[in-house]
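# what follows is a predicted protein model with its sequence.
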Amino acid sequence: MLWRGRPVTAAEPPHLEIAMHPIAFHIGAHPVYWYGIMAAAGFLAATAHWSLLARREKRPPGFGSDLAFWLMAGGIIGARIAYVIADLPYYLDHPAAVWRIDQGGLIFYGGLLGGIAAFFIFAARRRLAVPSLADFAVSGLPLGHAIGRIGCFLNGCCYGTECSLPWSVYLHDAFRHPTQLYESAGNFAIYALLLWLYLRRPRPGTVLAAYLMLYPALRFMDEFVRGDERLRFLGLTVAQDISLLLFASGLTLMILLHRRKKRTA
C-alpha cells in the first residue's frame, strides 16, 4: 500500500500498491476520516438488513431500525470504553481525545459486550424471547463488521505483521499482512452463511451458536498476524483468550440445541 508517498523500488517483489489516506475530505478546516465514513456505512448496511428481514417477517414498523439504534449505542460505548482502558495512560494525558471515535479506536469485543447489554434491554422492553431475537440480531452483525473493517484498513489501524507476500501492503514503514481485509472478507463469508442458515428457520439459538463459533475462530487466527501492540494473557492475546471462551460457549450451545432436538424427536 502506498502510504504517504512511499516509493517502491524496482528491486522489490510485486506487492499490492494502493494510494490512500485516512482523511477522505475536509469540510472547511475539519477533516472527515474514512474510518468514520465506513463505520457509518457498516451501521447503515446492518440497519437495512434488519429492516428488510423485519418487514419479511411482518414485525412492527421500525423494528429493525430500533434494534439497530440500541445495538449501535451499546456497541460504540462498549467498544470505546475497552479501547480507552487498553491505552489508558495516553487518554489520561489527552482526555479530550476520548470522544474522537471518528479517528479510530474501537475494540470489537468491547463493542460486543456493550451490544449484548443493549440487546437485553431491548428484549426486555419489547418482551421478546431472547433466543429467536438473538438469531435475528446476529444475522446482520457480520455485515456491518465487515464494512467497518474496511474503515480500519483505510485508517491504517489494526495492521498486520511484516511479510513478503504478493498481497502485502505498505504501512507503518514496512510491507505487512492486510489483516483488516482478512477479517473483512471472513465477515462477509460469515454473513452469507448466517443469512442462509437463518432463512432455513432452525431451532431458536442455532444462528447465535454458529456465530459464536465462526467469528471467534476467524479472529483467533487473524490475531497471529496482527502487528499492532496487543494485550496478552496466558501466552495469547486477550482477543484470542476471549475468542476461545466465545467459541466454547457457541459449541456448548450448539450441543445443547442438538440434544434437545433429539429428545423432542
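Structure received.
# show me which residues of stretch 228-241 are buried.
Judged by neighbour count (16 or more other Cβ atoms under 10 Å), stretch 228-241 contains these buried residues: 236-241. C-beta coordinates here come from the backbone N, C-alpha and C atoms, glycine included.
# I'd say F153 and E183 touch.
No: the pair F153 / E183 is not scored as a contact, 9.4 Å apart, by Cβ atoms under 8 Å.
# quick one: stretch 38-45 to chain centroid distance?
The chain centre lies 11 Å from the centre of stretch 38-45; the measure is Cα atoms, centre = their mean, to the nearest Å.
# quick one, phi psi at D87?
phi -130, psi 50 (degrees, to the nearest 10).
# tell me the pLDDT of it.
With respect to pLDDT, D87 scores 76.
# dump the host helix or strand of I81 to CSV, restricted to CA.
According to DSSP states H and E, I81 maps onto helix 63-86. These are the backbone C-alpha positions of helix 63-86, laid out as CSV (Å, rounded to 0.1, in the frame of the first residue of the first chain):
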residue,chain,number,x,y,z
PHE,A,63,-38.4,-2.8,14.5
GLY,A,64,-35.2,-3.2,12.5
SER,A,65,-34.1,0.4,12.9
ASP,A,66,-34.9,0.4,16.6
LEU,A,67,-32.9,-2.7,17.2
ALA,A,68,-30.0,-1.1,15.2
PHE,A,69,-30.1,2.0,17.3
TRP,A,70,-29.9,0.1,20.6
LEU,A,71,-27.1,-2.2,19.3
MET,A,72,-25.2,0.7,17.8
ALA,A,73,-25.4,2.8,21.0
GLY,A,74,-24.3,-0.1,23.3
GLY,A,75,-21.7,-1.3,20.9
ILE,A,76,-20.0,2.1,20.4
ILE,A,77,-20.0,2.8,24.1
GLY,A,78,-18.6,-0.6,25.0
ALA,A,79,-16.0,-0.6,22.2
ARG,A,80,-14.7,2.9,23.1
ILE,A,81,-14.5,2.1,26.8
ALA,A,82,-12.5,-1.0,26.0
TYR,A,83,-10.1,0.9,23.8
VAL,A,84,-9.6,3.7,26.3
ILE,A,85,-8.9,1.2,29.0
ALA,A,86,-6.4,-0.6,26.8
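# tell me which other helices or strands it touches.
helix 34-56, helix 108-126, helix 130-138 (3 or more Cβ pairs under 8 Å, 6 or more residues apart in numbering; DSSP states H and E).
# so which bits of the second one are buried?
If you call a residue buried by 16+ other Cβ under 10 Å, then helix 108-126 has these buried ones: 108-116, 118-119, 122-123.
# residues contacting that helix, please?
66-67, 70-71, 73-83, 129-130, 133-134, 137, 145, 219, 239, 242 (Cβ atoms under 8 Å, 6 or more residues apart in numbering).
# between that helix and helix 63-86, what angle do the directions make?
Calculated by axes from the mean of the first three to the mean of the last three Cα atoms, to 10 degrees, helix 108-126 forms an angle of 140 degrees with helix 63-86.
# just use 738 as the starting number from now, easier for me
Fine by me, first position is 738 from now on; the one you just mentioned is helix 845-863.
# how far off centre is helix 845-863?
15 Å.
# for the shortest one, same thing?
Between the centre of helix 867-875 and the centre of its chain there are 18 Å (Cα atoms, centre = their mean).
# after it, which helix or strand is next?
helix 878-892.
# so what does the next helix or strand after that following helix touch, helix or strand wise?
For helix 878-892, the following helix or strand on the C-terminal side (DSSP H and E) is strand 906-908. Under the contact criterion of 3+ Cβ pairs under 8 Å, 6+ apart, strand 906-908 touches strand 739-740, strand 911-913.
# and if we set it to 7 Å?
strand 739-740 (3 or more Cβ pairs under 7 Å, 6 or more residues apart in numbering; DSSP states H and E).
# okay, now the unreliable bits of this protein?
Counting by pLDDT under 70, the chain has low-confidence residues at 738-757, 838-842, 999, 1001-1002.
# related to what we said a few turns ago, could I get the buried residues of helix 845-863 as JSON lines with distance to G765?
Shown next, in JSON lines, are the buried residues of helix 845-863 (distance: Cβ to Cβ, whole Å):
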{"residue": "F845", "distance to G765": "32"}
{"residue": "Y846", "distance to G765": "36"}
{"residue": "G847", "distance to G765": "32"}
{"residue": "G848", "distance to G765": "31"}
{"residue": "L849", "distance to G765": "36"}
{"residue": "L850", "distance to G765": "37"}
{"residue": "G851", "distance to G765": "32"}
{"residue": "G852", "distance to G765": "34"}
{"residue": "I853", "distance to G765": "39"}
{"residue": "A855", "distance to G765": "34"}
{"residue": "F856", "distance to G765": "38"}
{"residue": "F859", "distance to G765": "38"}
{"residue": "A860", "distance to G765": "43"}
